[in-house]
Every structure is written in structure tokens, then in C-alpha cells.
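> Build me a model:
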Amino acid sequence: MAFFIAGFALWLAAACPAASQESLLWQEPRAKGQEAERPATGEEGVVRAGLEIWFARIRGDLESDAPGFPDTKFSMNGDAGIGNEVLPKVFVDYVPNADFLFRLAIRSLESSGSKTLGKQVDFDGKTFPNGSRVSSDFDAVWVSLEARIPARIDPADSFQGQSVIMFHVLDADFELSGVPGRGRQRYTIEFFEYGVEARAMIGEGAYLGGQMSFAWGFSDGFIGGEIGLKGGYQSKRVAVEGGFRWWGMGGAINDEPDLDLRMRGPYLGATFRF
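Alright, predicted model coming up:
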């Protein structure tokens with residue numbers, strides 16, 4: 001994975017040298033050597049809406065923070081039975097001009113499972129004994145504000161690049177039920193994320209690319225990031241994109257409780273311009 005990150009960063013740097021500014025929005029591919037042009041004024045004030053479906057494999061570890069009670073860090077998948085889920089995401093873009101794009105996005109997760117415990121788990125003041133059957137529910141919502149800034153690119157190449165600055169609020173709720181009753185833990189995490197995206201045009205509106213980002217908690221000890229590969233097609237009114245992404249976040253809220261959440265899997269999305 002480290003080799004992939006380093007290679008991707010070097011490729012992005014080579015693909016985006018300082019040159020004339022160009023919009024990344026609904027750009028038609030250019031012939032080699034053709035001069036870049038500023039988009040028409042009709043590109044200003046553009047509004048877009050989109051939907052994405054992520055088929056993610058969910059893994060992670062967590063614990064509760066019941067005061068005065070020893071808690072157990074346990075696996076959401078191996079101990080609680082949380083598995084693969086579909087995560088929908090909706091977003092709205094506003095493009096004031098060729099230099100910026102602002103996005104409001106909401107992603108949700110609803111997952112449940114059941115498992116026979118292979119160890120004793122102490123959670124939210126309750127002891128779930130080894131060998132007992134438990135059921136679990138894990139719900140989460142991400143609200144994200146993003147600013148996307150096009151990179152300067154070489155007008156002789158069919159490359160596109162952009163920097164992405166994001167602020168997220170993740171609100172998650174985990175419940176574990178079994179013989180002693182029901183335990184619950186809620187997590188609210190605010191974090192920043194900075195990333196870069198790049199794509200290479202391979203045909204009339206078609207492209208291949210990737211992205212990577214680094215995230216850190218605003219007030220808590222969380223750190224994480226994302227790596228992804230993608231391909232798609234864009235026209236003046238509609239764009240479709242698919243790919244595969246790896247995402248992870250781990251840390252502690254006010255030093256406890258711990259939460260380590262990892263997801264990976266393919267995704268498919270579409271964007272519509274108004």
C-alpha cells in the first residue's frame with residue numbers, strides 16, 4: 001500500500017505541472033497540442049446533484065465508556081457479526097466559477113448482525129458471557145462539506161487534477177443485545193480531510209484515475225484516510241463513475257472509548273447537471 005501511495009503522488013505531480021488554469025467540470029478531451037481555454041461563462045453558477053452506492057465490507061473494533069466499569073475492546077465483525085453493507089450517499093454541488101466547486105454530501109450506514117461470542121465482552125455496564133448469542137446494530141451518518149480546487153495542468157496533456165478540502169461530522173451508534181440486556185455506545189467525531197484526485201482522459205468523455213486523502217480529528221485523537229481507483233464517463237449533462245475504495249479511521253474520543261472503523265469495496269455513482 002505504501003508503494004501505491006508514493007507512486008500515485010509522483011504520478012500526480014508529473015501530471016499537474018504549473019500551466020494555464022482549466023476547469024475540471026464537464027471538460028471535453030483535447031487533441032494533443034491544442035491550447036487550453038477558459039470555460040464559457042455558462043459554466044458559472046452551475047448546480048449538480050448526485051447519488052452514489054458503495055458496496056462495502058465493514059471491519060472494526062470498539063469499546064464502551066461506562067464509568068467505573070471495565071470495558072472490553074471487541075471486533076464488530078468477529079465478535080458482533082457486523083458484515084457487508086450497502087452505503088448510499090447523496091450530494092449537491094455548486095460551481096460558482098471555473099476555479100472552485102463546493103459540495104454538501106450525506107452518507108448513511110445501517111448494519112446489523114448476530115454472533116456467538118468466543119470471549120466474554122463487557123459493554124456499557126453489562127457482561128455478555130463467553131458462548132452466549134448476541135445481536136448487534138450499527139448505524140452511522142456522515143455529513144460532509146467539501147471545497148474542490150482544480151490544479152493547474154499542462155494544456156498538451158489530457159490530465160485533470162484537483163485538491164479537495166473536507167470537513168466531516170460522523171455520528172455513529174452501536175447497540176449490543178444478549179442475555180444480560182442491551183448495551184449502547186454513541187460516537188460523534190468531527191474531522192478534517194485533505195486529498196488529491198487525478199484522472200487521465202482515454203477517449204471521448206471517458207477517463208481513468210484515482211484519489212488519496214489524509215484525515216485527522218478536529219478535537220479527538222482520530223487519524224485515517226482513503227485510497228481509491230476509479231473510471232467513468234462524463235458529458236455536458238450527466239456523468240457516471242465506478243471504482244474501488246479503501247477507507248479507514250481510528251482513535252479515541254476524549255481518550256476513550258476507542259473506535260477503529262475500516263471499510264472497503266466497489267462503488268457506483270451518477271451526477272446530473274441542472
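> Which positions in stretch 159-176 come out as buried?
By neighbour count on 16 or more other C-beta atoms under 10 Å, the buried set for stretch 159-176 is 159-162, 164, 166, 168, 170, 172, 174-176. Where you see a C-beta, it was placed from the backbone N, CA and C, and this is true even at glycine.
> Those in strands, which ones?
Using DSSP state E, the members of the buried residues of stretch 159-176 that fall in strands are 159-162, 164, 166, 168, 170, 172, 174-176.
> can I assume residue 56 is in contact with residue 261?
No: assessed by C-beta atoms under 8 Å, residue 56 is found out of contact with residue 261, at 10.6 Å.
> Please say which of those two ends up with more neighbours.
Counted by other C-beta atoms under 10 Å, residue 56 and residue 261 do not tie: residue 261 has more neighbours, with 24 against 21.
> give me phi/psi at the more buried one?
Main-chain dihedrals, residue 261, degrees, to the nearest 10: phi -120, psi 130.
> what's near enough to touch it?
Residue 261 sits next to 58-60, 172, 248-250 when contact means C-beta atoms under 8 Å, 6 or more residues apart in numbering.
> Among these, which one has the most neighbours?
residue 249 (23 neighbours).
> quick one: buried residues of the strand or helix carrying that residue?
If you go by DSSP states H and E, residue 249 is part of strand 238-252. The neighbour-count check on strand 238-252 (16+ other C-beta under 10 Å) flags 239, 241-243, 245-249, 251-252 as buried.
> which one of the residues you listed is nearest residue 199?
Using C-beta to C-beta, residue 241 comes nearest to residue 199 of the buried residues of strand 238-252, at 9.6 Å.
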